[in-house]
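1. Requesting a structural model of the entry that follows:
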Amino acid sequence: MIIERLENGVNVILKNRRDVSSVSVQFWLKTGAFWENTKNRGIAHFLEHMVFNGTRNYPPGMIEQIVENCGGEINAATSYDYTYYYITIPKDHVFTAIKLLKELVFYPLLLPEMVEKEKPIVLEEIARSENDPRQTFWRSFYKRVFEKVNYRYPILGFKDVVQSFTDKDLKEFHRKSYHASNLTVTVVGNINEEKVFSLLKEELLTLPSGKMNIPLPVTEPKLKPGSEIIKHPAVANAHVVIGWKLSGLSQNINTAVLSVLESYLSYGKSSVLYQEIVENQIAYAAMGVKDLFLYSSLFYIYGITEASKVELFKNKVLDIIKSPIDRDIFELARKKVLKTEIFKRESVESEAEELGYSATIFGNLDYYRKFIKEIEELTLEKFLREIEFLKDSYLQMTLLPEGGIR
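-> Presented below is the predicted three-dimensional model:
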């Protein structure tokens, strides 16, 4: 493996995999919805759309067509703490993938007419989200949990703000965020590491450096517990979420423990929520979920049930998290996480994602290198100590049919 930071700040991570015939090239940027403000909410997501609308050397759609003709796929994703673009392609086309991603990510035209053309597409996406009662429910939950950090706002942004975007707005956000100092490039697959590194240096050293995105410290208040109800005529069942606010990834939260907790609660038919809640017809579905961000996180238990069974569901969940955990069941949950993580890394795309995520979020590869070992070494005693937060105050939100409990 080659890990090196270039003179202009680009972080390069290469891993040769002789067991595959493909390669995944990924450009990770330390930018996303977290770095927005009241005047540009949604711009990180909008910019992700816009880079596919033509570059200095390729008209709209041409880069995607080249990738498809080579037998590959290209896509992108915007989160709060990062944005990334990737091409997964047969190994003989790795140099093509690198050059195309550089062109796509760093040299989009961002023409005024293309901005106006893209607006209806994104606005329709926002409208669909706002008209979906479940999406509205989740937005309300996040806004209630997070009081100061930008995780309380939707990544898609708001219609009036997105409608106001100009090419100048996008070019300014691109200039401030899409530069060498914010970039991590991961390449995983059947490659000659030295040749790929040489090409990357040649291609990427021309990128300008900039100020790395390091947000001002924000002290997120502790969760204000409570129980809130939202009603909507378009839902047939009750949706219940019980959540706890946690520290962020930048504050050394134990991701291994939370992954095993997810597994214990909701991985498969042997999981405790399935056995105790779904099998007993208290809910149609139930799961435990960790949602991890740089500067604050949360863990929640979510269920879909009949409106008349909301209290029964809540009481059963609270009973489960207070009950002793059998050592054999813990071991099964731990082994499920371990197996899932090992199998996931067999995919070049997933392994490149793990490397890019680790380097972008943590600034190093400790998460990638240590996660499996932490799962392997996790004991029941440590697990129980780390999930003490489940005894803390929680927030419950419930989405009910307009008629309420009948």
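2. Mind jotting down where the strands sit in the stretch 151-300 of the chain?
-> Taking DSSP state E, counting those that start in this stretch, the strands of the stretch 151-300 of the chain run over residues 183-189, 226-232, 238-246, 285-291, 297-305.
3. Who does the second one pair with, and is each partner parallel or antiparallel?
-> Neighbouring strands of strand 226-232 in its sheet, by DSSP bridges, are strand 395-401 (parallel).
4. Any chance you could list what contacts the partner strand?
-> 133-134, 137, 140-141, 144-145, 223-233, 235-245, 307, 310, 314 (Cβ atoms under 8 Å, 6 or more residues apart in numbering). Heads up, the C-betas are built off the backbone N, CA and C, glycines and all.
5. Turn the buried ones among these into a named PyMOL selection, would you?
-> Only the buried entries of the contacts of strand 395-401 go into this PyMOL selection, using 16 or more other Cβ atoms under 10 Å:
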select buried, resi 133+137+141+144+145+223+235+237+238+239+240+241+242+243+244+245+307+310+314
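6. Out of the strands of the stretch 151-300 of the chain, which gets nearest to residue 345?
-> Ranking those by proximity to residue 345 (Cβ to Cβ) places strand 183-189 first, at 9.3 Å.
7. I'd like the mean pLDDT over that closest one, please.
-> Predicted confidence along strand 183-189 averages 98 (mean pLDDT).
8. One more: stretch 319-330?
-> 95.
9. chain center to that stretch: distance?
-> The chain centroid and the centroid of stretch 319-330 are separated by 29 Å, computed with Cα atoms, centre = their mean, to the nearest Å.
10. May I see the buried residues of it?
-> Neighbour counts using 16+ other Cβ under 10 Å place 320, 321, 325, 330 of stretch 319-330 among the buried residues.
11. Does residue 210 touch residue 182 like I think?
-> Yes: between residue 210 and residue 182 there is a contact at 6.7 Å, judged by Cβ atoms under 8 Å.
12. Give me the more crowded residue out of those two.
-> A side-by-side neighbour count of residue 210 and residue 182, using other Cβ atoms under 10 Å, places residue 182 first with 24 against 17.
13. Mind jotting down where the helices sit in the stretch 251-400 of the chain?
-> The residue ranges that make up the helices of the stretch 251-400 of the chain, judged by DSSP state H, counting those that start in this stretch, are 255-266, 272-273, 310-322, 327-344, 348-362, 366-377, 380-386.
14. tell me what the last one is packed against?
-> Applying 3 or more Cβ pairs under 8 Å, 6 or more residues apart in numbering; DSSP states H and E, one finds that helix 380-386 contacts helix 255-266, helix 327-344.
15. Point me to the residue sitting closest to the centre of the protein.
-> With distances taken as Cα atoms, centre = their mean, the chain has residue 79 as the residue nearest its mean C-alpha position (5.3 Å).
16. Can you tell me the closest non-neighbouring residue to residue 85?
-> Spatially, and ignoring its direct neighbours in sequence, residue 85 is nearest to residue 76 (4.4 Å; Cβ to Cβ, 6 or more residues apart in numbering).
17. Tell me how far the helix or strand that neighbour falls within lies from the chain's centre.
-> Counting by DSSP states H and E, the element that carries residue 76 is strand 73-78. For strand 73-78, the distance between its averaged C-alpha position and the chain's averaged C-alpha position is 13 Å (Cα atoms, centre = their mean).
18. who does it pair up with?
-> Taking DSSP bridges as the criterion, strand 73-78 forms sheet pairs with strand 83-90 (antiparallel).
19. so how far is the partner strand off the chain centroid?
-> For strand 83-90, the distance to the chain centre is 16 Å (Cα atoms, centre = their mean).
20. Out of the buried residues of stretch 319-330, the closest to residue 44 would be?
-> The shortest separation between residue 44 and any of these is 35.3 Å, and it belongs to residue 321 (by Cβ to Cβ).
21. thought that closest one was touching residue 390?
-> Yes: in this structure, residue 321 is within contact of residue 390 by Cβ under 8 Å, at 4.5 Å.
22. Much appreciated, bye for now.
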